[in-house]
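*Asks:* Quick one, structure for this:
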Amino acid sequence: MRRSFSNLNDAEADGEIDITPMLDVVFIMLIFFIVTASFVKESGIEVNRPDASTAQSKPRANILIAINANDEIWINKRQVEESQVRANIERMHAENPQGTVVIQADEEARTKKLVAVMDAARQAGVYDVSLATEAR
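*Replies:* Just a heads-up that it's a prediction; the model follows:
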């Protein structure tokens, strides 16, 4: 049995609604929210940062390095040996050349370890190195 083209198509005849345009809008909104979402970077551990009255926010800090009270170095939620810090910073700096290094050193961390991490950052070509503190 043949139908003529003048009849309604099957979707209209069955009373169905085409949801393809709605799905397009939903996917566009999903992409918009993913692109505009801000992702929080973490070094991987919680440290007791010293207080500072002159603390300022660093908006483009993308390389976070933490040094805990036991002088362990953490980058991207994993523990790193001191000899591997420079290579990790070089890799992360290559991904985002405008980024800065922020070191989150515990109050009990030794200055020697902090200076070693700062030197590794400068040897990796990143000269914008900051220390994270708690604002008063």
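
*Asks:* got a list of what residue 65 touches?
*Replies:* By Cβ atoms under 8 Å, 6 or more residues apart in numbering, the contact list for residue 65 reads 43, 73, 74, 75, 85, 89, 101, 102, 103, 104, 117, 121. (Glycine included, C-beta is placed from N, CA and C.)

*Asks:* ok, 6 Å please
*Replies:* With contacts defined as Cβ atoms under 6 Å, 6 or more residues apart in numbering, residue 65 is in contact with 75, 103, 117.

*Asks:* can you pull the pLDDT of it?
*Replies:* Note for residue 65: predicted pLDDT of 90.

*Asks:* so which strand or helix has it?
*Replies:* strand 61-67 (DSSP states H and E).

*Asks:* State the paired neighbours of that strand in the sheet, together with their directions.
*Replies:* strand 73-75 (antiparallel), strand 100-105 (parallel) (DSSP bridges).

*Asks:* Any chance of CSV for these, columns distance to residue 47, mean neighbour count and mean pLDDT?
*Replies:* Formatted as CSV, the strands paired with strand 61-67 follow (distance: least, Cβ to Cβ, whole Å; neighbours: other Cβ atoms under 10 Å; pLDDT from 0 to 100):
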stretch, distance to residue 47, mean neighbour count, mean pLDDT
strand 73-75, 9, 22, 91
strand 100-105, 5, 23, 88
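
*Asks:* got those as a markdown table, with distance to residue 31 columns?
*Replies:* A markdown table is the format used below for those (distance: least, Cβ to Cβ, whole Å):
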| stretch | distance to residue 31 |
| --- | --- |
| strand 73-75 | 30 |
| strand 100-105 | 29 |
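
*Asks:* Out of these, the one nearest residue 25 is which?
*Replies:* strand 100-105 (38.4 Å; Cβ to Cβ).

*Asks:* what does the following helix or strand past the closest one contact?
*Replies:* As assigned by DSSP H and E, the chain's next helix or strand after strand 100-105 is helix 111-123. Residues from elsewhere that reach helix 111-123, judged by Cβ under 6 Å, 6+ apart: 65, 67, 71, 82, 85, 86, 89, 101, 103, 105, 129.
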